[in-house]
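Participant: Following is a predicted model, sequence given first.
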Amino acid sequence: MQTKLPHLDIKAYKGLRVPAKIVTYFFHPVFMPTVMAIILTFLNVTDFRGLNIAQRNQLWGNFAMNTIFFPLVSVLLLKAVGFIDSVQMHTTKDRIMPLIATMMFYFWAYLIMKGLQAPLILKVLSLGAFWGIVVVFILNIFIKVSMHTAAAGGAIGVILVLMMYSPTNLILPLLITMVVAGIIGTARLVMQAHTPFEIWLGYIAGILVQLAAYLYLLL
């Protein structure tokens, strides 16, 4: 069941629903941690200089396995056995079991990054992603916060973290990430999946968990 947004002129947005749906799937939150792990490898050349191609592929593969493959399989299995009504998880009830499963996989991804002595930014990304799922799960009890914008906010947050200690000028990557995040939020509004408050709450949560993860790992 989609969130109703009576203040929007649905007819005016009708022509945007197809591109909005494409954006929704293309920038699905399940892909964001792995995509950001790959992007960060190239943005933070100094920290990754000591890793060869095989080691980088191992890090990326671990991210993909634990943040894409296992969560997707879990959702499909939950749908198959009737625990959720839709793989799109339109309701807060449908989100409960998938979020619990995803929490475990994201926590395992963090433990792997920690065990492999991965660069700091990947540890921040994985821990922040785990905390982000925990925050979304808690907020889901009260409100259907946008997981898309939470993931987009996480991307902004991890770029901000990298800017704090990297000598590289990352203004352009930050601006691009913010534009993409804005497009994602707009798409979710056009799809009537969330209210503006749920969209902004997702952004704020995503950014804060990455900053909190960085501060935690510095202690």
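Facilitator: That came through, no problem. Numbering: from 1, shown residues only.
Participant: neighbours around T24, how many?
Facilitator: If you count neighbours by other Cβ atoms under 10 Å, T24 ends up with 18. All C-beta atoms are positioned from the backbone trio N, CA, C, and that covers glycine.
Participant: Where does it sit, in terms of helix or strand?
Facilitator: helix 17-26 (DSSP states H and E).
Participant: quick one: contacts of that helix?
Facilitator: Residues from elsewhere that reach helix 17-26, judged by Cβ atoms under 8 Å, 6 or more residues apart in numbering: 13, 148, 183-184, 186-188, 190-191, 193.
Participant: Equivalent analysis for stretch 165-175, please.
Facilitator: So stretch 165-175 is contacted by 39, 43-46, 120, 156, 159-160, 162-163 (Cβ under 8 Å, 6+ apart).
Participant: So which residue is smack in the middle of the protein?
Facilitator: A151 (2.4 Å; Cα atoms, centre = their mean).
Participant: Give me the secondary structure label for it.
Facilitator: Secondary structure state of A151, per DSSP: H, G, I helix; E, B strand; the rest coil, is helix.
Participant: That one: what's its closest spatial neighbour, skipping adjacent residues?
Facilitator: P29 (3.5 Å; Cβ to Cβ, 6 or more residues apart in numbering).
Participant: Surely I199 is in contact with S146?
Facilitator: Yes - between I199 and S146 there is a contact at 5.1 Å, judged by Cβ atoms under 8 Å.
Participant: quick one, which of these two is more surrounded?
Facilitator: With neighbours defined as other Cβ under 10 Å, I199 and S146 compare such that S146 has more, 30 against 22.
Participant: Okay, helices next: where are they in the chain?
Facilitator: With helices called from DSSP state H, the chain shows them at 10-13, 17-26, 32-43, 45-48, 53-64, 70-80, 92-115, 120-140, 147-165, 171-190, 196-218.
Participant: If you rank every helix and strand of the chain by mean pLDDT, what lands last?
Facilitator: The weakest-scoring helix or strand in the chain, judged by mean pLDDT, DSSP states H and E, is helix 10-13 (a mean of 56).
Participant: before we move on, the earlier item: lowest-confidence stretch among the helices of the chain?
Facilitator: Lowest mean pLDDT within the helices of the chain: helix 10-13, a mean of 56.
Participant: Now for the closest residue to N66 other than its chain neighbours: which residues touch it?
Facilitator: The shortest distance from N66 to any non-neighbouring residue, by Cβ to Cβ, 6+ apart, is to A109 (3.9 Å). Neighbouring residues of A109 by Cβ under 8 Å, 6+ apart: 33, 62-63, 66-67, 126, 129-130.
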